[in-house]
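Trainee: what follows is a protein structure lacking sequence information:
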């Protein structure tokens, strides 16, 4: 079940400005996807970038809906157990995504669903030329 109490906003990753699958915090399954969106470190040496590795409690998920504030898109969410009014825990890009490791992206709607575990510092290199990007 999704926790009812959220942690302070400064303790979690900032919410995404894109809302294609809902107004929540977006997490990618693979670091390569996230690396494309990582920012260069201010004052960093060379071409250093950082990204957070987070533990995410995705729970049971449904397909995300643009601009929704709950999983499922209705003002009260999309119920997975209607008789008990239990909401889904998170949203994904495509519920029918055919990938052996499951969905590539998750959207959470409560701060307590994720916490940063590691900060990775890395450099991007051109795969063909081997040069820093």
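Mentor: Noted; the coordinates are in hand. Every value quoted in this text rests on a predicted model; they were computed, and no experiment measured them.

Trainee: so residue 28 sits against residue 104, correct?
Mentor: Yes: using C-beta atoms under 8 Å, residue 28 is in contact with residue 104, at 6.5 Å. Any C-beta I mention is one placed from the backbone N, CA and C, and that applies to glycine too.

Trainee: those two: who's more crowded?
Mentor: More crowded of residue 28 and residue 104, by other C-beta atoms under 10 Å: residue 28, with 17 against 14.

Trainee: in the protein, which spans are strands?
Mentor: Along the chain, counting by DSSP state E, strands occupy 25-28, 48-56, 61-63, 79-81, 86-87, 90-92, 105-108, 114-123.

Trainee: export those to TSV and tack on distance to residue 39 and mean pLDDT?
Mentor: Conversion of the strands of the chain to TSV gives the following (distance: least, C-beta to C-beta, whole Å; pLDDT from 0 to 100):
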stretch	distance to residue 39	mean pLDDT
strand 25-28	15	91
strand 48-56	7	89
strand 61-63	27	87
strand 79-81	36	66
strand 86-87	32	76
strand 90-92	24	90
strand 105-108	19	91
strand 114-123	12	90
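
Trainee: ranking these by burial, who's on top?
Mentor: strand 90-92 (a mean of 27; mean count of other C-beta atoms under 10 Å).

Trainee: how near is residue 37 to residue 27?
Mentor: Residue 37 is 11 Å from residue 27, where distance means C-beta to C-beta, to the nearest Å.

Trainee: how about residue 117?
Mentor: In terms of C-beta to C-beta, residue 117 sits 12 Å off from residue 27.

Trainee: list residues touching both of the two?
Mentor: Common neighbours of residue 117 and residue 27, using C-beta atoms under 8 Å, 6 or more residues apart in numbering, are residue 54.

Trainee: quick check: chain neighbours aside, which residue is closest to residue 20?
Mentor: residue 66 (5.5 Å; C-beta to C-beta, 6 or more residues apart in numbering).

Trainee: and for the one you found, the neighbour number?
Mentor: Neighbour tally, residue 66, other C-beta under 10 Å: 11.

Trainee: no more questions from me, cheers.
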